[in-house]
Each structure stands twice: as C-alpha cells, then as structure tokens.
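[1] Quick one: sequence and predicted model below, then my questions.
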Amino acid sequence: ALTPTSSFVDSLTQTVKIILVFFSPLYGITTVMSIDADMATATSVQVGVTVQHYAILEGPNLISYIIVQSLVLVFTILIIVDVAWRLRALFAAYREDRVTPSLSSTVLMLIDVTTVAMTIVVVCVRIPNKISSAEQVSSILGSLNSIEWSSSTITVDSKKERFFTSVQRLLALIEDESTVDAFLNVVLVILLIRCIQCTNLHPRLALLTGTVSKAMDDFWHATLLIVMIMGSFAGIGSWRFGSEMEAFATWESTMQTQFFMMLGDFGGLGDWTVRQDLQAFVVLYLIVMFLLILNFLLAIIVEAYMGVREVNEENEVEMEFITDMISTLWSHGLKYRHRWPSFRFLSMLFEQSPFKHNIRFMDVWRTGMFPTQKSAQAFFNYYQQFDFLEESQDGSDPELPKEDVIQVACEVERRVASLMGLRMPTIEEQAVHGLRPIPMSTPKPISSPRGSMKRSASKRANSSSSPASGQNSSNGRGSNPQPGGGSANGANGGAAQPPYGAGWPTADG
C-alpha cells in the first residue's frame, strides 16, 4: 500500500523535496523536476522549482547530428591547415630576415589554436554521448518503471534506493551535458569574436573592426572616465541611500543600478520622485552620464566610422565583396594554369619599380619570373581588364612623387642607352668625364709606358696649349698614342675628348 503523507510530513518537518521524472516520446526529452519547500521560516514557506532536461537522439536525427559534427571536424581541419601555414610563414620570416611576429598576429594564432583544441574536445565528447543517449535513457527509465511501488513484500527503503539510484544516474547525464554545453558556449563566443575579426578581409566589410580599431585609443580613455564617474556616483549613492534602499545596499549593487539607469530602467528605485535628495541624485547622474558621456561615446564612434569610410572612398582597387572574391579565385586558377610567380613577390618587385604607376608588358616580361612570354601576356591581359588598372587616355604616366623623379630619370637614361647600344658611365666615370653614355664596344684606354708617361707629364708642364702626340721613350721605342688626342677645334688647341667616345645621338641620327 502507498505510504500516507502524514507518515513523513508533520509539524516538525523543516524541508521537503519532491522529485518528478517525465519522458516525452515525441521529442525524446527526459525531464527531472525538483520542488524544494523550506518550512523553517516563521512566516511563510519558501518554495523553489528546478527543471532539467536531457534530450536523446536516434534515427534520422542522430544521423543528421553526426553529419553536422563531421562537417565541423572538416572545417576544424581546414583551420588547422591555415594555422600551420601561417606558423610556417612566421618561422620562415624570422629565420630568413629575423622578423619578429607582431602581437596581434601572435594573439590571433593563439586564439585559433585554442579554438581548434576546444572544438575537437567538444566534438569527440558529444558524438559518443549522443550515440549512446537513447540506450542510457532507456535503461534508466526501465529501471524506474520496474519499481513495484504497490508491492508489500519490498521494503520502502529498497524502493527509495532504486528510485534515487536511477535519478542520480539521470542527473549525472544531465550534469555532464551541462558541463559540455558550458564548454561549448565558450567556444562559440570565441568563434563569434573571431568571425567578427575576420570581416577585415575586405574593406567594405571591415566597417566594424576598422571603426573599433580606429577609436580604440579614445575608447580606452572614455572607459577610464566612465569608471571614475560611475564609481564616484556609486560611492555617494551607497553612502546616502544604502541603509534605506536595497538597490543602493552595496557599492556593487549601486553600480548595477546605475548601469540600468543609464539604459532607462528605474524599476529598482521605486518612486524616486518622492524624496528630493534621491531626485537630485538621479537627475544629476542622468545629466552627466546620459546627456554627456553617452553622447561622447556616440561622437567617438561616428568620427571613427567617418574616417574608415573616407579611406574606403579613396580606395580605387576594391570593387565589391562578391566580385572581389570571384576575381581572387579566378586569378589563382589562372596562376596555376599559366605558372605565374607569387603575387606577393611581384607586388614587391613592382612597388620598387620607378614605373610602378604605369606597368607595360615589357616591364612584366623583364622581371624574369615568368616561364614564357605567353604566360606574361596572359598575366598582363588579365589585369589590364580592370578599370582601376587602365592606361591613361593621353598615354602619359600619372604624376610621380617627387622622391621618384631622379630614379625615374636614371631608369629612362639606362633604357635609352641600352636601345642605342650604349651603356651608362659608372659613378667614377661620371665624376671624371660627365654623364654621357659610353659605347659598349669601346675598349678601355691603353695606358702609356711608364717612361713616356713621365716624359709627357713634364712636357705638359712646359706647354699647356699643344695637343697630345706620340713621344719617343727612353729606350728608343715609340710609345702608344694617347686616346682621343685630336679635337674638332684643333685651331684653338681644344682639350682632348674623354676616352668614352660619342655622346647621345643627334636628332638626325
């Protein structure tokens, strides 16, 4: 027979706990409801209700869950490959150029590694639990259902022991599920922050990250100002109203009350217009925090956003996110098809070129990084189709920065001299003879014998107007003639021409 309530609840009972177990076959959810009644108080009974659920998966739902978790593992593997590739690039940069990775890249790398590890742990724990969930719940519910409550041959203690043992098993499953869910919640929050950070992939999507990054310094100082002002108000409110109002009982509760006040929630204050001192406190707080500080924050955000938008407006190379993604994928396909070199190396090479504002086909081909001219032509034709890379209509190069003018002039002279079969003089030759190009076939001047050089030097000391001529050496042999001894202005006794021959070609060739 059932035990009457009066046999375990009387006037001396202080606490009562009722545990109910429900199962919904339609949704596969097992529910444990706990009702706790505290009758130790003098005036009333304090009742608390706790509801915990445990969902099982079986059939098509279990198959769908396993497929989704498998996709999660696939994406996790892709993240591992990306992290390994970036680590390899960082180690290579440090080994070759001693370039230390920046703090931001290091933090992002650690976040990715932590996220990957936590995701793998969650997936590896949840898949076995979900596979065996139906069997475990079936065993627990079968144990509960097999208790013979109406049997007089089984003692009450034995029935209670079997019941609470089964309930403890079910509560253990729910506790393990709650622990994994809390762990998974941390992973999801990290992934959310990482996804927001990844929006800086494209300038048009980087509005949030760009605005926050640009305003970070102002945010930091505004935060210091807000904490100082709110802390001061909290100290005043706790001191003045803490003994009378629960919302101002402690400094922490006062800070919480002030935060809700800044959002427009005054429920914790009751009728705050009755007391004049409380009314003055609330009005002064709203003037300082709501009308001033909050608008300061809005101004900081708007100013940073306008700065990011101005940068985006000046960016001529970005088109639109979807278009840029398609172009990027297409360019990588063409790269592997035509065996183009690394885009990073090409960009560095073109950036150092004095003609970086107007790259021609020969500039692309002369880099020496393309296997064939067909490959270089395909590269040139692909990037020539973009509007922001079109050649100027008048055929002239855009105006170059002042610091590039000298470098461009030297490059022009070198190219023209190369086309004319000439070479530019070295720095030493420029210091001695000037800047005129030198014929590539002109041999170096042949020096005279030592005796003849001494003699001609003494001869020039006596006469400075006679042109250079052959001299007899002390051993009776004729010396080699001095190069360039003749002059077009022989009548005037002009100076000898330098040994690098003709200059720039004239207009008539």
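    Yes, it's here.

[2] What distance do you get for residue 222 to residue 229?
    From residue 222 across to residue 229, the span is 11 Å (CB to CB, to the nearest Å). C-beta: built from backbone N, CA, C; applies to glycine.

[3] Ok, residue 273 next?
    23 Å.

[4] for residue 185, same thing?
    Following CB to CB, the distance that separates residue 185 from residue 229 is 33 Å.

[5] Pretty sure residue 346 sits against residue 369.
    Yes: if you go by CB atoms under 8 Å, residue 346 and residue 369 touch, sitting 6.8 Å apart.

[6] that older thread, can you pull the residues that touch both of residue 222 and residue 229?
    Common neighbours of residue 222 and residue 229, counting by CB atoms under 8 Å, 6 or more residues apart in numbering, are residue 293.

[7] returning to what we had before: which one's more surrounded, residue 273 and residue 229?
    Per other CB atoms under 10 Å, whichever of residue 273 and residue 229 has more neighbours is residue 229, with 16 against 12.

[8] and residue 165, how far is that from residue 141?
    13 Å.

[9] same question, residue 128
    20 Å.

[10] More neighbours: which of the two?
    Set side by side, residue 128 and residue 141 show more neighbours around residue 141, with 15 against 9, by other CB under 10 Å.

[11] Quick check: bridge partners of residue 21?
    Residues in a beta bridge with residue 21, per DSSP bridges, are residue 32.

[12] Number of residues surrounding it?
    15.

[13] shouldn't it be in contact with residue 34?
    No: Residue 21 lies out of contact with residue 34 (CB under 8 Å); the separation is 10.2 Å.

[14] Strands of the protein, residue ranges please.
    Using DSSP state E, the strands of the chain run over residues 15-24, 29-38, 46-55, 422-423, 438-439.

[15] So which of those strands is nearest residue 149?
    In terms of CB to CB, the element of the strands of the chain nearest to residue 149 is strand 15-24, at 13.3 Å.

[16] contacts for the closest one?
    Contacts of strand 15-24 (CB under 8 Å, 6+ apart): 9, 29-40, 137, 141, 144, 167, 170.

[17] got the angle for it vs strand 46-55?
    Strand 15-24 runs at 30 degrees relative to strand 46-55, counting by axes from the mean of the first three to the mean of the last three CA atoms, to 10 degrees.

[18] can you give me the angle strand 15-24 makes with strand 29-38?
    170 degrees.

[19] Residue numbering should commence at 369 henceforth.
    New numbering, starting at 369: the last item is strand 383-392.

[20] State the distance from the residue nearest to residue 399 when sequence neighbours are not counted to residue 420.
    The shortest distance from residue 399 to any non-neighbouring residue, by CB to CB, 6 or more residues apart in numbering, is to residue 390 (4.3 Å). When distance is defined by CB to CB, residue 390 is 11 Å away from residue 420.

[21] out of those two, which sits in the more crowded spot?
    Taking neighbours as other CB under 10 Å, residue 390 and residue 420 compare with residue 420 leading, 16 against 11.

[22] Point out where this protein drops to low pLDDT.
    By pLDDT under 70, the low-scoring segments of the chain are 369-371, 373-376, 410, 722-724, 758-777, 792-877.

[23] Residue 613 contacts residue 639, correct?
    No: the pair residue 613 / residue 639 is not scored as a contact, 11.3 Å apart, by CB under 8 Å.

[24] Comparing those two, which residue is more hemmed in?
    residue 613 (20 against 8).

[25] for the more buried one, what are its contacts?
    Taking CB under 8 Å, 6+ apart, one finds 637-638 in contact with residue 613.

[26] what residues are up against residue 676?
    574-575, 578-579, 582.

[27] now, which of the residues you listed lie within helices?
    Secondary structure defined by DSSP state H assigns 575, 578-579, 582 of the contacts of residue 676 to helices.

[28] one step back: which among the contacts of residue 676 gets closest to residue 731?
    residue 574 (31.7 Å).

[29] What separation do you get for the closest one and residue 675?
    Distance from residue 574 to residue 675, by CB to CB: 12 Å.

[30] Likewise for residue 480?
    As for residue 480, its distance to residue 675 is 29 Å (criterion: CB to CB).

[31] Can you tell me how far residue 639 is from residue 614?
    From residue 639 to residue 614 the distance is 14 Å (CB to CB).

[32] Same question for residue 386.
    Distance of residue 386 to residue 614, given as CB to CB: 31 Å.

[33] same deal with residue 437?
    The value you get for residue 437 to residue 614, if CB to CB is used, is 47 Å.

[34] In terms of packing, which of the two has more residues around it?
    More neighbours surround residue 437 than the other of residue 437 and residue 614, with 16 against 12 (other CB under 10 Å).

[35] hang on, the earlier thing: nearest to residue 485 among the strands of the chain would be which one?
    Proximity to residue 485 (CB to CB) singles out strand 414-423 among the strands of the chain, at 26.2 Å.

[36] Would you mark the buried spots in the closest one?
    420, 422 (16 or more other CB atoms under 10 Å).

[37] Please enumerate residues in contact with that strand?
    Contacts of strand 414-423 (CB under 8 Å, 6+ apart): 395-406, 501, 505, 538-539, 541-542, 545-546.

[38] Neighbour count says what about those? Which are buried?
    Among these, those scoring as buried are 396, 398-400, 501, 505, 538-539, 541-542, 545 (criterion: 16+ other CB under 10 Å).

[39] And stretch 577-587, what's buried?
    For stretch 577-587, by 16+ other CB under 10 Å, it's 577-580, 582-583, 586.

[40] Residue 721: which of those residues is nearest?
    Using CB to CB, the buried residues of stretch 577-587 come closest to residue 721 at residue 578, 29.8 Å.

[41] so who does the spatially closest residue to residue 623 that is not a sequence neighbour touch?
    Closest residue to residue 623 apart from its sequence neighbours, by CB to CB, 6+ apart: residue 602 at 4.8 Å. For residue 602, the contact set (CB under 8 Å, 6+ apart) comprises 619, 622-623, 626.

[42] quick one: which two of the residues you listed are the most distant?
    Within the contacts of residue 602, 619 and 626 form the most distant pair, 10.6 Å apart (CB to CB).

[43] and stretch 686-697, how far from the chain's centre?
    18 Å (CA atoms, centre = their mean, to the nearest Å).

[44] right, I mislabeled it, should have said stretch 683-700
    For stretch 683-700, the distance to the chain centre is 18 Å (CA atoms, centre = their mean).

[45] Give me the contacts around it.
    Residues contacting stretch 683-700 (CB under 8 Å, 6+ apart): 570-573, 680, 711, 750, 756.

[46] Now, of these, which are buried?
    When the contacts of stretch 683-700 are checked for burial by 16+ other CB under 10 Å, the buried set is 571, 750.

[47] Closest one to residue 519 out of the contacts of stretch 683-700, please.
    Of the contacts of stretch 683-700, the one sitting nearest to residue 519 (CB to CB) turns out to be residue 573, at 68.7 Å.

[48] Was I right to think that closest one contacts residue 564?
    No: using CB under 8 Å, residue 573 is not in contact with residue 564; the gap is 10.1 Å.

[49] Can you give me every residue that contacts residue 395?
    The contact partners of residue 395, by CB under 8 Å, 6+ apart, come to residue 423.

[50] Now residue 686, what are its backbone angles?
    In terms of degrees, to the nearest 10, the main-chain angles of residue 686 are phi -80, psi 140.

[51] With just CA atoms, put stretch 744-763 into PDB.
    Extracted in PDB, the C-alpha atoms of stretch 744-763 (Å, rounded to 0.1, in the frame of the first residue of the first chain):
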ATOM      1  CA  ALA A 744      53.500  37.100 -69.100                       C
ATOM      2  CA  GLN A 745      51.000  38.100 -71.800                       C
ATOM      3  CA  ALA A 746      48.200  36.300 -70.000                       C
ATOM      4  CA  PHE A 747      49.100  38.000 -66.800                       C
ATOM      5  CA  PHE A 748      49.200  41.400 -68.400                       C
ATOM      6  CA  ASN A 749      45.900  40.800 -70.300                       C
ATOM      7  CA  TYR A 750      44.000  39.600 -67.200                       C
ATOM      8  CA  TYR A 751      44.900  42.600 -65.000                       C
ATOM      9  CA  GLN A 752      44.500  45.100 -67.900                       C
ATOM     10  CA  GLN A 753      40.800  44.400 -68.000                       C
ATOM     11  CA  PHE A 754      40.200  46.100 -64.600                       C
ATOM     12  CA  ASP A 755      39.100  49.800 -64.800                       C
ATOM     13  CA  PHE A 756      41.400  50.900 -62.000                       C
ATOM     14  CA  LEU A 757      44.400  49.500 -63.900                       C
ATOM     15  CA  GLU A 758      43.600  51.000 -67.300                       C
ATOM     16  CA  GLU A 759      46.300  53.100 -69.000                       C
ATOM     17  CA  SER A 760      45.800  56.800 -69.000                       C
ATOM     18  CA  GLN A 761      43.900  58.100 -72.100                       C
ATOM     19  CA  ASP A 762      46.700  60.500 -73.100                       C
ATOM     20  CA  GLY A 763      49.200  57.800 -73.000                       C
END
